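> Sharing a model that was predicted from the sequence below.
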Amino acid sequence: MSWRVPLSKGKHITIISAYASTLAAVDCVKEQFYNSLNECLQAIHRTDRVLLMGDFNSDRKEFLVTKAMRGADCWTDHRLLRCKIRLEIRPQQRRALHTKKLNITSLGDPEVCTQFRSNVAESYMQHDQGPDLGTKWAHLHSDLNKYAVDTRIQAKTPSRLGGDAGISIQHRLDGSLFNTRRLHARTKVSSTQVIELQYADNYAIVVHDAEDLQNILDVFSSTYAAMGLRVNTLKREILVQTVHPPKTHHLFLVNGEPVKTIEHFTYLGIVVHSDCSVDLDIQRRINLAFTAFGRLRGRVFSNNNLRIDTEASVYKAVCISTLLYGSEIWTMYRRQIRILENIHTRCLQRKLGLS
């Protein structure tokens, strides 16, 4: 008798209960027993743990203590083996029931509500004469789901934004975040459609096409209007970011009012420019770093009571972090790198009192 039991981490163990022939049995019986046992062992998967009653063949991790005990009869090759085994039996997985949620808000429409009520009442009258209560409920439950689909109660309102709206971001979560070559793999790479970026009270919409942006603006404004809100176009700005200047300029409207198109704006402390350059952002970080250095010069960098390593730690924590804020997304040229290196050298010269 054999039994294959699933273990944890995708492993299995095959338990075989075999009763060997006695020493007094004829040779043909013994040969038949060992042939049957060999066939059973050959049929076991090669990655399975094997537990053979009377013999053991497994990893030392599962078998903790094993003892061989001799019986009272000396002239015998039988031994009683006792062992302690540590096995993790995998629990039986239950299949999750995927049920669609009912969009009961559509019942607020009097026409839909009246149609659904009439269908349910008709179904109840048809199955009222059923043999038992279980059969009645089974028919009624089936009809309820059917009428829910027919009256558009179960169908959620489809998204008007479209499945390809926004921008597509490819990513993988198995390490090496900045190794872009790993994103060309055919496996383990996920793609996410991003339409909106939210941070505190900042809100940004990102798309590739002008028509998609206008569609998203219309959907958002109509959604806000349904909740009694109105989009303030004076606080909304649109940035068209492209390497080459666009041939035509699009006019974007919100509630019939035009939205201002700008050349650059600051988002989360980073200056985003329409020509995809980082010159303006680098110049802004340089000005902020010089300002921070000037505020600390008299109290820290010109203070003779502080050690050099203390001044260096303050310089790294305040000035360098301010200068390189957001540099992870910069695509710089050599001239821009030289500018940052010159700024760093000038700050060190002033800190050390060198001309």
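Arrived safely, thanks for sending.

> quick one, helices of this protein?
Using DSSP state H, the helices of the chain run over residues 27-42, 110-126, 133-150, 210-226, 279-296, 308-314, 321-323, 334-352.

> Just tell me which of those helices ends up closest to residue 48.
helix 27-42 (10.5 Å; Cβ to Cβ). For every residue, glycine as well, the C-beta is placed using N, CA and C.

> what comes up buried for the closest one?
Within helix 27-42, no residue is scored as buried using 16 or more other Cβ atoms under 10 Å.

> on contacts alone, who are the packing partners of that helix?
Applying 3 or more Cβ pairs under 8 Å, 6 or more residues apart in numbering; DSSP states H and E, we find helix 27-42 packed against strand 12-16.

> Parallel or antiparallel, which strands does the strand it packs on pair with?
Here strand 12-16 has these sheet partners by DSSP bridges: strand 2-6 (antiparallel), strand 49-52 (parallel).

> Pick the most buried one from these.
Mean neighbour counts were taken over the strands paired with strand 12-16 using mean count of other Cβ atoms under 10 Å, and the top value, a mean of 19, falls to strand 49-52.

> how far out from the middle of the chain is it?
When C-alpha coordinates are averaged (Cα atoms, centre = their mean, to the nearest Å), strand 49-52 and its chain have centres 39 Å apart.

> how close does residue 112 sit to residue 141?
Plainly put, residue 112 is 20 Å away from residue 141 if you go by Cβ to Cβ, to the nearest Å.

> Looking at those two, which one has more neighbours?
Taking other Cβ atoms under 10 Å, residue 112 and residue 141 do not tie; residue 112 has more neighbours (14 against 10).

> State the pLDDT value of that one.
Per-residue confidence (pLDDT) for residue 112: 74.

> Okay, now the unreliable bits of the stretch 251-355 of the chain?
The stretch 251-355 of the chain contains residues with pLDDT under 70 at 355.

> Tell me which of the strands paired with strand 12-16 sits nearest to residue 334.
Residue 334 lies closest, by Cβ to Cβ, to one member of the strands paired with strand 12-16: strand 2-6, at 60.0 Å.

> Using PDB, write out every CA atom in that closest one.
C-alpha atoms of strand 2-6 as PDB (Å, rounded to 0.1, in the frame of the first residue of the first chain):
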ATOM      1  CA  SER A   2       1.400   3.500  -0.900                       C
ATOM      2  CA  TRP A   3       0.100   7.000  -0.100                       C
ATOM      3  CA  ARG A   4       1.500  10.300  -1.500                       C
ATOM      4  CA  VAL A   5       1.100  13.200   1.000                       C
ATOM      5  CA  PRO A   6       1.700  16.800   0.000                       C
END
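
> How far away from the center of its chain is that strand?
Strand 2-6 sits 35 Å away from the centroid of its parent chain (Cα atoms, centre = their mean).

> could you give me the average pLDDT of it?
pLDDT averaged over strand 2-6 gives 79.

> Nearest to the middle of this structure, which residue? Look it up for me.
Centroid-nearest residue in the chain, with Cα atoms, centre = their mean: residue 173, separated by 7.8 Å.

> The residue nearest to it when sequence neighbours are not counted: what's it in contact with?
Excluding the flanking residues, the one nearest residue 173 by Cβ to Cβ, 6 or more residues apart in numbering is residue 190, at 7.7 Å. By Cβ atoms under 8 Å, 6 or more residues apart in numbering, the contact set of residue 190 is 170-173.

> Name the nearest of those residues relative to residue 325.
residue 171 (23.1 Å).

> For residue 27, give its distance to residue 3.
Taken as Cβ to Cβ, the span from residue 27 to residue 3 is 30 Å.

> Now do stretch 311-323: distance to the chain's middle.
35 Å.

> I misspoke; the intended subject was stretch 3-16.
With Cα atoms, centre = their mean, you get 31 Å for stretch 3-16.

> first vs last residue of it, how far apart are they?
7 Å (Cα to Cα, to the nearest Å).

> Kindly report the same for stretch 7-17.
First residue to last in stretch 7-17 (Cα to Cα) measures 19 Å.

> for that stretch, which positions count as buried?
Going by neighbour count (16+ other Cβ under 10 Å), the buried part of stretch 7-17 is 11, 13-14, 16.

> do the same with stretch 307-317
Using 16+ other Cβ under 10 Å as the test for burial, stretch 307-317 gives 311, 314-315.

> Look at the residue lying closest to residue 52 once chain neighbours are set aside and report its pLDDT.
Using Cβ to Cβ, 6+ apart and skipping the chain neighbours, the partner closest in space to residue 52 is residue 16 (4.9 Å). Looking at residue 16, its pLDDT reads 78.

> Sounds good, over and out.
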